[in-house]
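Peer 1: what's the 3D shape of this:
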Amino acid sequence: MELAYIPSPSSGVLYLGPVPLRGYAFCIIIGVFVAVWLGNKRWIARGGRPGTVADIAVWAVPFGLVGGRLYHVITDYQLYFSEGRDWVDAFKIWEGGLGIWGAIAFGALGAWIGCRRRGIPLPAYADAVAPGIAFAQAIGRWGNWFNQELYGRPTDLPWAVEITSSADGRVPGTYHPTFLYESLWCIGVALLVIWADRRFRLGHGRAFALYVAAYCVGRFWIEYMRVDEAHEILGLRLNNWTSVLVFLLAVLYIVLSARKRPGREPVVEPGAEGAGTGEDTPGAGGEKTVEDAEKPSTADAGGDRPEAEDGSGERAASADEADGGAKDGAGSARKS
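Peer 2: Numbers count the residues shown, from 1 in each chain. Just a heads-up that it's a prediction; the model follows:
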């Protein structure tokens, strides 16, 4: 008999009068707000304008939702198009079912459109929002708890999740809460990216690539624990193979990008007030700032001196010549 476990909600929907509040959608919405809020703070710190992250998110978020749903429906098509299923359910996104791989791919496409319209480099934007995306995933995974889905093997551990629903082939019992494991892993990934970004000043998309690589490591072992129906290739679930492939691509990008374009972008948003300031100040890396360019150089201070309008420059030169002649005379007298 289990002495402790995580209870599942009896329903994934709460009602405010006639208005339904679905737990899955609520978690997704909160995650989006957190990602935009944190991304905005990081973007401003890098010299960007306030509000730019939200403006681009208007493109990225809808694309991401569509991509995530497409990936889920395509890879689990039997849930919607097999005998006895209603294909209309493929559009019911509030019932759960978003593939992170499709969400990131299509979300990146939407972000690219938004960045192109603003004249902003996509890699810089991706670096700014990377930790926020990881936090958003951590929050969004609790939507699976509301829907009693995506759990692991049976267990009697104190943190097991209790499944009470018997719909869609579920067997009531206590299981590994893989949604919780992934949520905690995503929090760790977000903190790792924030630390590494400050420590190594990651730029040109490398912070985002680190997020992708770190997430794939966790997704691999968490996916291996899941027991829900999935397509397999050579004994491994499809998402395991996707994790391996995406991890290798992310690591390859980090290595090649660091060699080709080390450091950070000096300017992330052209024309932004204070661009290149904060943690990305170009002057800190040896590049001249506007103020430095306006200061007189050492050569001007100790080299050729401009002649003054009142002739003081000529008088100074004459005095130097007189001093030189006196020294030469004194030297000749000592020699003789």
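Peer 1: quick one: the strands in the stretch 1-150 of the chain?
Peer 2: 13-16, 19-22 (DSSP state E, counting those that start in this stretch).
Peer 1: With mean neighbour count, distance to Gln148 and mean pLDDT as extra columns, can I get those strands in JSON lines?
Peer 2: In this view, the C-beta of every residue, glycine as well, is placed from N, C-alpha and C. Converted to JSON lines, the strands of the stretch 1-150 of the chain look like this (neighbours: other C-beta atoms under 10 Å; distance: least, C-beta to C-beta, whole Å; pLDDT from 0 to 100):
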{"stretch": "strand 13-16", "mean neighbour count": "11", "distance to Gln148": "12", "mean pLDDT": "77"}
{"stretch": "strand 19-22", "mean neighbour count": "12", "distance to Gln148": "13", "mean pLDDT": "80"}
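Peer 1: pull the CA atoms of stretch 190-205 into PDB?
Peer 2: Only the C-alpha atoms of stretch 190-205 are listed here, as PDB (Å, rounded to 0.1, in the frame of the first residue of the first chain):
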ATOM      1  CA  ALA A 190      17.600  27.400 -17.500                       C
ATOM      2  CA  LEU A 191      19.900  28.000 -14.600                       C
ATOM      3  CA  LEU A 192      22.800  26.300 -16.400                       C
ATOM      4  CA  VAL A 193      22.300  28.600 -19.500                       C
ATOM      5  CA  ILE A 194      22.100  31.700 -17.300                       C
ATOM      6  CA  TRP A 195      25.300  30.800 -15.500                       C
ATOM      7  CA  ALA A 196      27.300  29.800 -18.600                       C
ATOM      8  CA  ASP A 197      26.100  32.900 -20.400                       C
ATOM      9  CA  ARG A 198      27.500  35.100 -17.600                       C
ATOM     10  CA  ARG A 199      30.700  33.100 -17.200                       C
ATOM     11  CA  PHE A 200      31.600  32.600 -20.800                       C
ATOM     12  CA  ARG A 201      29.700  35.500 -22.500                       C
ATOM     13  CA  LEU A 202      28.000  33.300 -25.000                       C
ATOM     14  CA  GLY A 203      26.900  34.900 -28.200                       C
ATOM     15  CA  HIS A 204      25.800  34.300 -31.800                       C
ATOM     16  CA  GLY A 205      23.300  31.600 -30.800                       C
END
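Peer 1: Please point out which parts of that stretch sit buried.
Peer 2: Within stretch 190-205, the residues scored as buried using 16 or more other C-beta atoms under 10 Å are Ala190, Val193, Ile194, Ala196, Asp197, Arg201, Leu202, Gly203, His204, Gly205.
Peer 1: Tell me which of the residues you listed fall in helices.
Peer 2: Ala190, Val193, Ile194, Ala196, Asp197 (DSSP state H).
Peer 1: What's the separation between the nearest residue to the first one once chain neighbours are set aside and Ala4?
Peer 2: Same thing as Ala190. Leaving aside its sequence neighbours, Ala190 sits nearest to Ala134 (C-beta to C-beta, 6 or more residues apart in numbering; 3.7 Å). In this structure, Ala134 and Ala4 are 29 Å apart, going by C-beta to C-beta, to the nearest Å.
Peer 1: that older thread, out of the buried residues of stretch 190-205, which comes closest to Ala214?
Peer 2: Val193 (7.3 Å; C-beta to C-beta).
Peer 1: check contacts around the closest one.
Peer 2: Ala130, Pro131, Ala134, Ala207, Leu210, Tyr211, Ala214 (C-beta atoms under 8 Å, 6 or more residues apart in numbering).
Peer 1: How confident was the prediction at the second one?
Peer 2: When you say that, I think you mean Pro131. Per-residue confidence (pLDDT) for Pro131: 98.
Peer 1: what do you get for the fifth one?
Peer 2: Per-residue confidence for Leu210 comes out at a pLDDT of 98.
Peer 1: show me the contacts for it.
Peer 2: Here Leu210 is in contact with Ala130, Leu192, Val193, Ala196, Leu202, Ala250, Ile254 (criterion: C-beta under 8 Å, 6+ apart).
Peer 1: one step back: just give me the neighbour total for the residue nearest to Ala190.
Peer 2: Look at Ala134: counted by other C-beta atoms under 10 Å, it has 26 neighbours.
Peer 1: Verify the stated contact: it with Ile187.
Peer 2: Yes - between Ala134 and Ile187 there is a contact at 7.4 Å, judged by C-beta atoms under 8 Å.
Peer 1: Reformat the contacts of Val193 into TSV and put distance to Val244 next to each item.
Peer 2: Converted to TSV, the contacts of Val193 look like this (distance: C-beta to C-beta, whole Å):
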residue	distance to Val244
Ala130	21
Pro131	23
Ala134	19
Ala207	22
Leu210	17
Tyr211	17
Ala214	14
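Peer 1: His72 versus the nearest residue to Leu191 once chain neighbours are set aside, what's the distance?
Peer 2: Once flanking residues are discounted, Leu191 sits nearest to Pro131: 7.8 Å by C-beta to C-beta, 6+ apart. Taking C-beta to C-beta as the measure, Pro131 and His72 are separated by 25 Å.
Peer 1: repeat for Ile163
Peer 2: 20 Å.
Peer 1: So for these two, which sits in the more crowded spot?
Peer 2: His72 (22 against 19).
Peer 1: which ones are touching that one?
Peer 2: Gly97, Leu98, Gly99, Gly102.
Peer 1: Looking at the residues you listed, which one is closest to Cys115?
Peer 2: Nearest to Cys115 among those, with distances taken as C-beta to C-beta, is Gly102, at 19.9 Å.
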